[in-house]
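Peer 1: Okay, here's the prediction I keep looking at, along with the sequence it came from:
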There are 2 protein chains.
Amino acid sequence: MGRWEPNARGRLATAALELYSERGYEQTTVAEIAKRAGLTERTFFNHYADKREVLFATAGEFQDRFVGAVAGALKSVAPIDALAAGLDAIAEMLADQRDFVRTRQAVIMSNPELQERDLIKLASTSSALADTLRRHGVPEPDASLAAETGVALFKVGFHRWIAADEERELSLLMREALDALKAVTAGS
Amino acid sequence: MGRWEPNARGRLATAALELYSERGYEQTTVAEIAKRAGLTERTFFNHYADKREVLFATAGEFQDRFVGAVAGALKSVAPIDALAAGLDAIAEMLADQRDFVRTRQAVIMSNPELQERDLIKLASTSSALADTLRRHGVPEPDASLAAETGVALFKVGFHRWIAADEERELSLLMREALDALKAVTAGS
């Protein structure tokens, strides 16, 4: 292990994102990220397995918060309201990171391999949500459908939130998506 | 181009799927697929770009049928009923291929690269559905939500349909999924 560097992890993430945006993800090396952050490659690898992991380091926390909030809410409310609680937890987690998230998403959308990783992350969250719903007694196909619906609501709210001209909060946009879903499904 | 071989494309697909099931996708070569089908490697490459494409050759047709049926129905019914028409079209396309589809899906689930390709296919279908809905005057976020919902309904119905002990038809299972979605979203 290298010597302790103050906020090395955050500095590496910031440097990586700057370089990915400036010169492209494929064209950036770990050596360049470390240099930009004023750290060594060895310190980089103490914090991240590779340059892709910098972009997905919070995927575990994302899933834990989403699923945890749903599980907590299921004790007292219906599945759709438990999903809303999960979306609120995600909105709180991301609220003050809008610029960072916008830049990260632009990098992800520029590279098919990163897009695939992003889709896998959401598929994993959907599976975890379905497991949690079943454990709380929600039968199939309702559990899988509610889980897929929760992820769909996140995706739609999230992509509006990071749009260039959008200023409203993520929590509001995800609530709007839920209202739109209710209107669409009741529409026949 | 090689000489004409009767149903070469179908024979190659059947041979490939047999080999992927027997010895694993990674372990199977194009030479082995061609040999099992009684054809040459050259004939294989006249029909498929690589061994992965054998599994996803119908992805274009899948999307065209789903989106086409939704577009046709949107002229006269609400978005949720147009989605139901799209799901019916997919059920009709897959109805007599259940064993083939079961085997193919088992191969896909055994390999992360194939799972990613499968997720990309569905993400592409969702985008195409949202485009179609917007072109027919459905505003955002309703269009994106309806599109994500359509894909979610397909996924849930499809995965029940290919389960080992399931005998009911895909069209019925997707209708059940739609009913479950309506119950879930109205549940608060």
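Peer 2: Yes, it's here.

Peer 1: Distance from the helix or strand harbouring A:E116 to the middle of the chain?
Peer 2: Assigned by DSSP states H and E, A:E116 belongs to helix A:112-135. Centre-to-centre, helix A:112-135 and its host chain are 10 Å apart (Cα atoms, centre = their mean, to the nearest Å).

Peer 1: Contact residues of chain A facing chain B?
Peer 2: Contacts of chain A with chain B, taken as Cβ under 8 Å from any Cβ of the partner chain, map to A:77-81, A:84, A:112, A:115-116, A:119-120, A:123, A:140-142, A:144-146, A:148-149, A:152-153, A:155-157, A:159-160, A:173, A:176-177, A:180-188. Where C-beta positions appear, they are placed from N, C-alpha and C, glycine not excepted.

Peer 1: Buried only: go through the residues you listed for me.
Peer 2: Buried by 16 or more other Cβ atoms under 10 Å in any protein chain shown: A:78-81, A:84, A:115-116, A:119-120, A:123, A:140-142, A:144-146, A:148-149, A:152-153, A:155-157, A:159-160, A:173, A:176-177, A:180-182, A:184-185, out of the residues of chain A next to chain B.

Peer 1: Which strands or helices does the helix holding A:E116 pack on?
Peer 2: If contacts are counted by 3 or more Cβ pairs under 8 Å, 6 or more residues apart in numbering or on different chains; DSSP states H and E, helix A:112-135 sits against helix A:53-56, helix A:59-74, helix A:79-94, helix A:98-109, helix A:142-161, helix B:112-135.

Peer 1: winner for burial among those helices?
Peer 2: Most buried of those, by mean neighbour count (mean count of other Cβ atoms under 10 Å in any protein chain shown): helix A:142-161, with a mean of 24.

Peer 1: Could you check the angle that one makes with helix A:98-109?
Peer 2: If you take axes from the mean of the first three to the mean of the last three Cα atoms, to 10 degrees, helix A:142-161 sits at 110 degrees to helix A:98-109.

Peer 1: Show me what the next helix or strand after helix A:142-161 is packed against.
Peer 2: For helix A:142-161, the following helix or strand on the C-terminal side (DSSP H and E) is helix A:170-185. Packing partners of helix A:170-185 (3+ Cβ pairs under 8 Å, 6+ apart): helix A:79-94, helix A:142-161, helix B:79-94, helix B:142-161, helix B:170-185.

Peer 1: looking at those, which is closest to B:L133?
Peer 2: Closest of the helices and strands packed on helix A:170-185 to B:L133 is helix B:142-161, at 3.8 Å (criterion: Cβ to Cβ).

Peer 1: what's the average pLDDT for that closest one?
Peer 2: Helix B:142-161 shows a mean pLDDT of 95.

Peer 1: and that helix, how far from the chain's centre?
Peer 2: Computed by Cα atoms, centre = their mean, the chain-centroid distance of helix B:142-161 equals 12 Å.

Peer 1: Remind me what that helix packs against, helices and strands.
Peer 2: helix A:142-161, helix A:170-185, helix B:59-74, helix B:79-94, helix B:112-135, helix B:170-185.

Peer 1: try 6 Å
Peer 2: Secondary-structure packing of helix B:142-161 (3 or more Cβ pairs under 6 Å, 6 or more residues apart in numbering or on different chains; DSSP states H and E): helix A:142-161, helix A:170-185, helix B:112-135, helix B:170-185.

Peer 1: Which stretch among those approaches B:A16 most closely?
Peer 2: Judging the helices and strands packed on helix B:142-161 by Cβ to Cβ, what sits closest to B:A16 is helix B:112-135, at 12.5 Å.

Peer 1: pLDDT of that closest one, averaged?
Peer 2: In the prediction, helix B:112-135 has an average pLDDT of 93.

Peer 1: Same check on stretch A:165-179?
Peer 2: Rounded mean pLDDT across stretch A:165-179 is 94.

Peer 1: cool, stretch A:22-32 as well?
Peer 2: Per-residue pLDDT over stretch A:22-32 has a mean of 96.

Peer 1: Likewise for stretch A:44-61?
Peer 2: The pLDDT scores in stretch A:44-61 average 93.

Peer 1: and that stretch, how far out from the chain's middle?
Peer 2: Centroid separation between stretch A:44-61 and its chain, computed with Cα atoms, centre = their mean, is 13 Å.

Peer 1: pull the CA atoms of that stretch into PDB?
Peer 2: Listed next in PDB are the C-alpha coordinates belonging to stretch A:44-61 (Å, rounded to 0.1, in the frame of the first residue of the first chain):
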ATOM      1  CA  PHE A  44      -4.800   4.400  -8.500                       C
ATOM      2  CA  PHE A  45      -4.900   0.600  -8.300                       C
ATOM      3  CA  ASN A  46      -5.200   0.800  -4.500                       C
ATOM      4  CA  HIS A  47      -8.600   2.400  -5.100                       C
ATOM      5  CA  TYR A  48      -9.900   1.100  -8.500                       C
ATOM      6  CA  ALA A  49      -9.400  -2.200 -10.300                       C
ATOM      7  CA  ASP A  50      -9.300  -0.400 -13.700                       C
ATOM      8  CA  LYS A  51     -10.300   2.800 -15.500                       C
ATOM      9  CA  ARG A  52     -13.800   1.500 -16.100                       C
ATOM     10  CA  GLU A  53     -14.500   1.000 -12.400                       C
ATOM     11  CA  VAL A  54     -14.000   4.700 -11.700                       C
ATOM     12  CA  LEU A  55     -17.300   5.300 -13.600                       C
ATOM     13  CA  PHE A  56     -19.300   2.500 -11.800                       C
ATOM     14  CA  ALA A  57     -17.800   2.700  -8.200                       C
ATOM     15  CA  THR A  58     -21.200   3.800  -6.800                       C
ATOM     16  CA  ALA A  59     -23.200   1.100  -8.500                       C
ATOM     17  CA  GLY A  60     -23.200  -1.000  -5.300                       C
ATOM     18  CA  GLU A  61     -24.400   1.900  -3.200                       C
END
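
Peer 1: which residues are in contact with that stretch?
Peer 2: For stretch A:44-61, the surrounding residues in contact (Cβ atoms under 6 Å, 6 or more residues apart in numbering or on different chains) are A:R9, A:L12, A:A13, A:A16, A:V30, A:A34, A:R104, A:K121.
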